[in-house]
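Asker: Curious how this folds, go ahead:
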Amino acid sequence: MIVLFLAVQAEAQINRSAIKKNNKRIGSFRGKANTFGKNKSYSAIGFSVNALNYYGDLAPRPSRVSTDISFTRPGFGLSFMHRFGPRYTVQAQMMMGTLKGSDAESADKNDANNGVYRYKRNLSFKNPIKELSVVAILDLFKNDGNYIARVKWTPYVFVGIAGFLHQPKAQAPATGLDGTALPEAGKWVNLRPLGTEGQYSTLQDGDANKGIKPYGLFQVAIPFGLGARLRLTETLDLWADIGFRYTFTDYLDDVSKNYVDLGALQSDLARAMSYRTNELGLATSTHSYVGRDGKTYTVEAGYGEENQYNNRGSKNDRDIYMVTSIRLTYIIGATYHKAKFR
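Answerer: As a prediction, the model looks like this:
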């Protein structure tokens, strides 16, 4: 009887040990049944709230990193992403937002080097952006498991390509340069059709903007940036990132090259939107000239007149916009192979 009792106790102890060992395996399982299979692959949909900032000719200073934070504008995005492996995700996103800039509100008129020039230029714009992007995301922390066992958080970097539609606008002044009331006074008007830098004008040989063409409203950009992702629940993640869009246009703000002879422009509205220094009422160094339409124009020296040194913008730089995002994603269609325990 004693021997039988000891045998039963020994068997029970072995069973308890086996159960504990098996439970430990289950608890530590991270979907490694396949090295690179469907257990690592899943998709997610997301919604983001974004903040957009503009870097270009109408920034406070000529520096490439200069922007006016007060002109930060909201945007929204919808995304679809698919995870391919331990570190790699591809995301497609549709985003809408607005960019904005203003010389009068951003430039420091007490800065004799650059602020005075920008303040006197007195140009402004807003630009609605509709962007479709595809980016590759690289996690810095590797995740070998399925979606249930993904890491609690990880930093990441991303790069890709984007196409976007834009339409720069500005608010029309009350009157034209000759003092006549404008029908568009106070309205936000599209700037591209006006050809404010002579895009639709007949320019002469020797003119600084000779050969200029209308800019496209569809443009391409290179998005890149970094961020961090936090696991909230089994199927929800919170993403936060800062990204830049390096564009291949200098006309997000409708400003790039030189002033042209105001008499060469096509309408009173075009002239009023091309040269706006007169709205400030400074008149510190004005002079008059007869334009190519035979009319006399009075302008501030260095502005609103054909001259190779009368720069309206900086044609050698491309515009950039920054997108700061907070994104919530929900994992869908997650698949993983059944674990095999031995």
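Asker: How about stretch 282-291, which residues are buried there?
Answerer: G291 (16 or more other CB atoms under 10 Å). Bear in mind the C-beta positions are built from the backbone N, C-alpha and C, glycine included.
Asker: Name the residues that touch it?
Answerer: Residues from elsewhere that reach stretch 282-291 (CB atoms under 8 Å, 6 or more residues apart in numbering): 120, 261-264, 296-301, 305.
Asker: what does stretch 224-242 give?
Answerer: Counting by CB under 8 Å, 6+ apart, 44, 46, 48, 139, 147-148, 150-160, 243-244, 246, 322-331, 334 sit against stretch 224-242.
Asker: per-residue confidence averaged over it?
Answerer: Averaged across stretch 224-242, the pLDDT comes to 97.
Asker: Could you list which of the contacts of stretch 282-291 belong to strands?
Answerer: 296-300 (DSSP state E).
Asker: for the stretch 201-342 of the chain, what spans make up the helices?
Answerer: Secondary structure of the stretch 201-342 of the chain (DSSP state H, counting those that start in this stretch): helices at 268-274.
Asker: quick one: low-confidence ranges for it?
Answerer: 283, 334-342 (pLDDT under 70).
Asker: In PyMOL, select just the buried ones from the contacts of stretch 224-242.
Answerer: With 16+ other CB under 10 Å as the criterion, this PyMOL line picks the buried residues out of these:
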select buried, resi 44+46+48+139+147+150+154+156+157+158+160+243+244+322+323+324+325+327+329+331+334
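Asker: picking that back up, looking at the ones in strands among the contacts of stretch 282-291, spot the one nearest G77.
Answerer: Closest approach between those and G77, by CB to CB: E300, at 42.1 Å.
Asker: didn't that closest one look like it was pressed against K120?
Answerer: Yes: the pair E300 / K120 is scored as a contact, 6.2 Å apart, by CB atoms under 8 Å.
Asker: Are there residues contacting both of those two? Which ones?
Answerer: 277, 282.
Asker: Give the rounded mean pLDDT of stretch 102-110.
Answerer: Stretch 102-110 comes out at a mean pLDDT of 91.
Asker: what do you get for stretch 86-94?
Answerer: Mean pLDDT, stretch 86-94: 95.
Asker: Keeping just the C-alphas, turn it into CSV.
Answerer: What follows is stretch 86-94 as a C-alpha-only set of coordinates in CSV (Å, rounded to 0.1, in the frame of the first residue of the first chain):
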residue,chain,number,x,y,z
PRO,A,86,9.1,41.7,-38.5
ARG,A,87,9.9,45.4,-39.3
TYR,A,88,8.2,46.3,-42.6
THR,A,89,4.9,48.1,-43.2
VAL,A,90,3.5,49.8,-46.3
GLN,A,91,1.0,52.6,-45.8
ALA,A,92,-1.3,54.3,-48.3
GLN,A,93,-2.9,57.5,-47.1
MET,A,94,-5.3,60.1,-48.4
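Asker: Give me the buried positions along it.
Answerer: 87, 89, 91, 93.
Asker: Okay, and the beta partners of S79?
Answerer: Here S79 sits in beta bridges with G46, Q93, going by DSSP bridges.
Asker: which residues does it contact?
Answerer: 45-48, 91-94, 327, 329.
Asker: closest to N113 among the residues you listed?
Answerer: Nearest to N113 among those, counting by CB to CB, is S48 at 38.7 Å.
Asker: did I read that right, that closest one in a strand?
Answerer: Yes: under DSSP: H, G, I helix; E, B strand; the rest coil, S48 falls within a strand.
Asker: Report pLDDT for it.
Answerer: For S48, the model assigns a pLDDT of 98.
Asker: can I assume it is in contact with M95?
Answerer: Yes: the pair S48 and M95 qualifies as a contact (CB under 8 Å) at a distance of 7.4 Å.
Asker: for the stretch 151-300 of the chain, what spans make up the strands?
Answerer: For the stretch 151-300 of the chain, the strands defined by DSSP state E, counting those that start in this stretch cover 153-166, 169-171, 188-190, 218-231, 236-247, 286-290, 296-300.
Asker: Need the winner for burial among these.
Answerer: strand 169-171 (a mean of 20; mean count of other CB atoms under 10 Å).
Asker: if we look at that strand, which residues are touching it?
Answerer: The contact list for strand 169-171 (CB under 8 Å, 6+ apart) reads 123-128, 186-191, 254, 273.
Asker: Need those residues in TSV (columns: distance to K315).
Answerer: Output for those, formatted as TSV (distance: CB to CB, whole Å):
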residue	distance to K315
L123	15
S124	20
F125	17
K126	22
N127	18
P128	24
G186	31
K187	29
W188	25
V189	24
N190	22
L191	17
D254	13
M273	19
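Asker: of the buried residues of stretch 86-94, closest to G211?
Answerer: For the buried residues of stretch 86-94, the nearest to G211 is Q93 (36.7 Å; CB to CB).
Asker: need the contact list for that closest one.
Answerer: With contact set as CB under 8 Å, 6+ apart, Q93 has these partners: 46, 48, 77-80, 131-135.
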